[in-house]
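Chemist: Based on what follows, work out the 3D shape:
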Amino acid sequence: MPTSKTPYDYDLLVIGSGPAGQRAAIQAAKLEKRVALVEKKTVLGGVSVNTGTIPSKTLREAVLDLSGYREREFYGQSYAVKQRITMQDLLQRADTVIRHEIDVTRSQLLRNRVEVISAFASCVDAHTVRLDFVEGAGQRLVTSATIIIAVGTEATRDPHIPFDGRRVLTSDDILVLDELPRTLTVVGAGVIGCEYASMFAALGVRVTLIDKRPRLLPFVDAEIIDTLAYHLRENRVTLRLGESVHGIELLEDEAGDRVRIVLDSGKQIVTEKALYSIGRTGNTARLAIEAAGLDPDDRGRITVNGNYQTCVPNIYAVGDVIGFPSLASTSMEQGRLAACHAFGVPATSVPELFPYGIYTIPEISMCGRNEEELTTEGIPYEVGKARYREIARGQIVGDTTGLLKLIFHMETRQLLGVHIIGEGASELVHIGQAVLAFAGKVDYFVNTVFNYPTLAECYKTAAFDGVNRLG
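Modeler: Below is the predicted model:
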C-alpha cells in the first residue's frame, strides 16, 4: 500500500468492527489509504455478528425449521419436526453461522490490508487515540487524520431492574439461556422485543408482550401491524399495550424461581423469564469522546450531519451509535458514505428508499412511505393489495395469511410505498424498491410478466387491484 506523507500514523482509524466499521475501513482501503480498525473484543463483527442481527436471525430460522411452523398449514397445529426443542438445538446453528461470519469478516479486512488491532480505544484529542490492548498487553498512542466511530450499542439497563442474566434478561443474554422457559414476558415492544416475542411464541412458550405505547411499532404501516398483532394473538401472545412497568422482583418459593412484574395499572404478571427490551445505548462510555470535543446524548448516541460528520470535522460516526434506523444494512451504507466523504470521493445514496426488514414471525418489510405519512402530507393516493392466499406460491409454501400492499399516487400513478408481511417479505420488497428508485408507476407491475408460481406475482395482483380501484 502506498505510504502517505502526513504527520499521522494512519489516514483513517475506525473504532468498531460491526457492519458500519467494516464497510468504512474497506472503502478507505480501496482508496489506497492507510487504515486501522480497532475492536475491543477478541472476535470481529461487533454486536451484529456476535449477539445481534446474525444470531437472532439464525435463531429465528432454527425456530421455524425445528418447530415445523411453516408446515402447520398442511399437517396441523400439533406438527413439529422435533418435539422437545432445547436452547442447545437452536444455538448450535447460530454458533456455526457466527464462526463463519467472523472468519469471512477477518478475511475481507486482511485481504484489503486493513490493520486490525484488538484493543480498547479512548480519545485523547481529535486526532489521537489511546489503545489499551486486550488481555493487559500494554498501551499505545496512535494518531489519525480521520477517525470514524462505529462502536454500536448495548442493551439499555435500567438501574432499578434486577438483571441477573438468568431470570431477568436483556436481548444480549438470550444466547446464554440454558433452557426454554414455559412462560416469558417481554417488556418493550420495539423491533427486538417483537422479534423475540414471536420466536418464542412459535416454540409454544406462553408470551406476554408489554409496551406503554398504544400500538406495536408505530413507524410501520398500521394495516401491516394489525396483521402482525393478529398473528401474535393466534400464537397465544398476550398483548398489554398502553401499560407501563411499575416494578420487577425476583421470586423464590416452592413454585420455583420466577419473576413478578407489577404494572402501573395494578396488574401483576408472574413469569419464568422476563426479557427487558427498552432500547439500546451507544457504546461511548469508555471512549472518552468528550476529550475529542464531542458530547453524546443521554443514550450515548452521537449527533452527525448528512455526511455522518460530527461537530469535529475530522471525526465521523456511523451505525447504531447515531440512532435510528439502527439496521445492519443502513449501517453498512453509512460507513461507505462517511469514508467517501472523508477522502473527497463523490458518493450518493437515497436514505428515504432504505428498506426495513423486521424479522418477526411472520416477517415484515417495507420501503417508501406509508398511508399515515401520505395522509398527513395531504397527498392523494390509492392502494392495491394482494394476499398470499390468492397466489399459487402462497398455497404451496403454506402461507395463506401474508399480504403485499402497494401505495401509489392517485393522479400520476407513481409508486410511493411497498409494505409486506409474510414469508420472504424482506427479499420480496427489493422489487418494489427498484421501481421506487426509478420513480416508476404502478403500471410497471401490470405490464410485467413474473415467473409462475412465485410470491413476486403478488405485485401484479396488487397492481391490478389498485388500478381497478381507480375505476
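Chemist: does residue 208 really touch residue 241, like I thought?
Modeler: No - Residue 208 lies out of contact with residue 241 (CB atoms under 8 Å); the separation is 11.2 Å. In short, each C-beta sits where N, CA and C put it, glycine included.
Chemist: Looking at those two now, which is surrounded by more residues?
Modeler: A direct count of neighbours by other CB atoms under 10 Å for residue 208 and residue 241 places residue 208 higher, at 19 against 14.
Chemist: List the residues that contact that one.
Modeler: 183-186, 237-238, 240, 269, 271 (CB atoms under 8 Å, 6 or more residues apart in numbering).
Chemist: try residue 272
Modeler: 167, 181-184, 256-259.
Chemist: How many neighbouring residues does the nearest residue to it once chain neighbours are set aside have?
Modeler: Leaving aside its sequence neighbours, residue 272 sits nearest to residue 181 (CB to CB, 6 or more residues apart in numbering; 3.9 Å). Residues lying near residue 181 (other CB under 10 Å) number 22.
Chemist: from what I can see residue 181 touches residue 273, true?
Modeler: Yes - when contacts are counted by CB under 8 Å, residue 181 is listed as touching residue 273 (4.2 Å).
Chemist: all helices of the protein, in order?
Modeler: 19-30, 46-50, 53-67, 72-75, 87-111, 191-202, 222-234, 328-342, 371-377, 392-397, 425-437, 443-447, 457-469 (DSSP state H).
Chemist: Mean neighbour count and distance to residue 144 added to those helices, as CSV?
Modeler: Shown next, in CSV, are the helices of the chain (neighbours: other CB atoms under 10 Å; distance: least, CB to CB, whole Å):
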stretch, mean neighbour count, distance to residue 144
helix 19-30, 27, 11
helix 46-50, 25, 20
helix 53-67, 20, 28
helix 72-75, 13, 54
helix 87-111, 16, 17
helix 191-202, 25, 33
helix 222-234, 17, 44
helix 328-342, 23, 11
helix 371-377, 13, 41
helix 392-397, 17, 50
helix 425-437, 20, 35
helix 443-447, 17, 47
helix 457-469, 20, 47
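Chemist: Among those helices, which comes closest to residue 307?
Modeler: Nearest to residue 307, of all the helices of the chain, is helix 328-342, at 4.4 Å by CB to CB.
Chemist: The residue nearest to residue 272 and residue 267, how far apart?
Modeler: Plainly put, residue 181 is 20 Å away from residue 267 if you go by CB to CB, to the nearest Å.
Chemist: same deal with residue 296?
Modeler: 36 Å.
Chemist: Can you say which of the contacts of residue 208 are buried?
Modeler: Neighbour-count burial (16 or more other CB atoms under 10 Å) is assigned, among these, to 183-186, 237, 240, 269, 271.
Chemist: Just put the residues you listed in a markdown table and tack on pLDDT.
Modeler: A markdown table is the format used below for the buried ones among the contacts of residue 208 (pLDDT from 0 to 100):
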| residue | pLDDT |
| --- | --- |
| 183 | 97 |
| 184 | 97 |
| 185 | 97 |
| 186 | 97 |
| 237 | 97 |
| 240 | 97 |
| 269 | 97 |
| 271 | 96 |
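Chemist: Out of the residues you listed, the closest to residue 330 would be?
Modeler: residue 186 (24.5 Å).
Chemist: The closest one is in contact with residue 197, isn't it?
Modeler: Yes - Residue 186 lies in contact with residue 197 (CB under 8 Å); the separation is 4.6 Å.
Chemist: anything in contact with each of the two?
Modeler: In contact with both residue 186 and residue 197: 207, 209, using CB under 8 Å, 6+ apart.
Chemist: returning to what we had before: ok, the buried ones among the contacts of residue 208 vs residue 86, which is closest?
Modeler: residue 184 (15.3 Å).
Chemist: gap between the closest one and residue 208?
Modeler: 8 Å.
Chemist: if I look at those two, which residues touch both of them?
Modeler: residue 271.
Chemist: I'd like the distance from stretch 387-396 to the chain centre, please.
Modeler: Distance, stretch centre to chain centre, for stretch 387-396: 28 Å (CA atoms, centre = their mean, to the nearest Å).
Chemist: Residues in contact with it: which ones?
Modeler: With CB under 8 Å, 6+ apart as the criterion, stretch 387-396 contacts 399-404, 422-423, 452-455, 457-458, 461.
Chemist: Let's see that with 7 Å instead.
Modeler: The contact list for stretch 387-396, computed with CB atoms under 7 Å, 6 or more residues apart in numbering, reads 399-403, 422, 453-455, 457-458, 461.
Chemist: Dump those residues to JSON lines, plus distance to residue 27 and pLDDT.
Modeler: Below are the contacts of stretch 387-396 laid out as JSON lines (distance: CB to CB, whole Å; pLDDT from 0 to 100):
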{"residue": "399", "distance to residue 27": "38", "pLDDT": "91"}
{"residue": "400", "distance to residue 27": "44", "pLDDT": "85"}
{"residue": "401", "distance to residue 27": "41", "pLDDT": "88"}
{"residue": "402", "distance to residue 27": "37", "pLDDT": "95"}
{"residue": "403", "distance to residue 27": "38", "pLDDT": "98"}
{"residue": "422", "distance to residue 27": "35", "pLDDT": "97"}
{"residue": "453", "distance to residue 27": "40", "pLDDT": "96"}
{"residue": "454", "distance to residue 27": "35", "pLDDT": "97"}
{"residue": "455", "distance to residue 27": "34", "pLDDT": "97"}
{"residue": "457", "distance to residue 27": "38", "pLDDT": "97"}
{"residue": "458", "distance to residue 27": "36", "pLDDT": "98"}
{"residue": "461", "distance to residue 27": "40", "pLDDT": "98"}
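Chemist: Show the buried residues in those residues.
Modeler: 399, 401-403, 422, 454-455, 457-458, 461.
Chemist: could these go into CSV alongside distance to residue 89?
Modeler: Below are the buried ones among the contacts of stretch 387-396 laid out as CSV (distance: CB to CB, whole Å):
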residue, distance to residue 89
399, 24
401, 27
402, 27
403, 31
422, 26
454, 32
455, 29
457, 35
458, 33
461, 38
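Chemist: which of those residues sit farthest apart?
Modeler: 401 and 454 (17.9 Å).
Chemist: List the contacts of residue 439.
Modeler: residue 414 are the contacts of residue 439 under CB under 7 Å, 6+ apart.
Chemist: And the pLDDT for it?
Modeler: For residue 439, the model assigns a pLDDT of 96.
Chemist: if I look at it, how far off is residue 416?
Modeler: 10 Å.
Chemist: now residue 135
Modeler: According to CB to CB, residue 135 and residue 416 sit 53 Å apart.
Chemist: For the two, indicate the residue with more neighbours.
Modeler: Taking other CB under 10 Å, residue 135 and residue 416 do not tie; residue 416 has more neighbours (22 against 6).
Chemist: Do I have it right that the more buried one meets residue 408?
Modeler: Yes - the pair residue 416 and residue 408 passes the contact test of CB atoms under 7 Å, sitting 5.7 Å apart.
Chemist: Could you list the domains of the chain?
Modeler: As given by automatic domain parsing, the domain ranges for the chain are 10-155+281-351, 168-278, 362-469.
Chemist: got those domains as TSV, with distance to residue 162 columns?
Modeler: Formatted as TSV, those follow (distance: least, CB to CB, whole Å):
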stretch	distance to residue 162
domain 10-155+281-351	15
domain 168-278	6
domain 362-469	33
